[in-house]
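Trainee: Build the 3D model from these lines:
(one chain, ligands or ions: 1)
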Amino acid sequence: MSYFVFEDLVNATQIKIHRQGCGNIGDNSTETTKWHECSNLEEAKSKSQELANQYGKGWKMAECCLS
Ligand SMILES: [Zn+2]
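Mentor: As a prediction, this is how the structure comes out:
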């Protein structure tokens, strides 16, 4: 299953990981948001950590994709 890492380029809110098929995943990246597709959870976590370090913010699984 693919995972999508959400990056907010402007507010730099917490990085969130969504699962493939989640309704909250945007179709396209915009000027202020970016979705990083990852082929598995380990890759998604490592990408999230990288982005989190970059912004000095944390990362987490999105609430909608926890279950
Ligand atoms: Zn989600």
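
Trainee: quick one, what contacts the closest residue to residue 52 other than its chain neighbours?
Mentor: Counting by Cβ to Cβ, 6 or more residues apart in numbering, residue 52 lies nearest to residue 59, which is 4.3 Å off, once chain neighbours are set aside. Glycine gets a C-beta too; all of them are placed from N, C-alpha and C. Residue 59 sits next to 5, 14-17, 45, 48-49, 51-52 when contact means Cβ atoms under 8 Å, 6 or more residues apart in numbering.

Trainee: Max pairwise distance over those: which two?
Mentor: Using Cβ to Cβ, the two most remote members of those are 14 and 45, lying 13.9 Å apart.

Trainee: near the ion, which residues of the protein show up?
Mentor: By Cβ under 5 Å from the ion, the part of the chain that sits against the ion consists of 18, 22, 24, 62, 64-65.

Trainee: Show me the shaky parts of the chain.
Mentor: Segments of the chain classed as low confidence (criterion: pLDDT under 70) are 27-29.

Trainee: the strands in it, which residues?
Mentor: Secondary structure of the chain by DSSP state E: the strands cover 3-8, 15-19, 33-38, 59-61.

Trainee: ok, so what distance separates residue 52 from residue 5?
Mentor: According to Cβ to Cβ, to the nearest Å, residue 52 and residue 5 sit 10 Å apart.

Trainee: Overlap of the contact sets of the two?
Mentor: Between them, residue 52 and residue 5 share the contacting residues 15, 59, judged by Cβ under 8 Å, 6+ apart.

Trainee: Look at the two and report which has more neighbours.
Mentor: In this comparison of residue 52 against residue 5, neighbours counted by other Cβ atoms under 10 Å, the higher total goes to residue 5 at 25 against 18.

Trainee: dump the residue contacts of the more buried one.
Mentor: 15-18, 35-36, 38, 44, 47-48, 51, 59.

Trainee: residues contacting the nearest residue to it once chain neighbours are set aside?
Mentor: Here the nearest residue to residue 5 in space, its sequence neighbours aside, is residue 36; by Cβ to Cβ, 6+ apart that works out to 4.2 Å. The neighbours of residue 36, taking Cβ under 8 Å, 6+ apart as the test, are 4-5, 7, 44, 47, 51.
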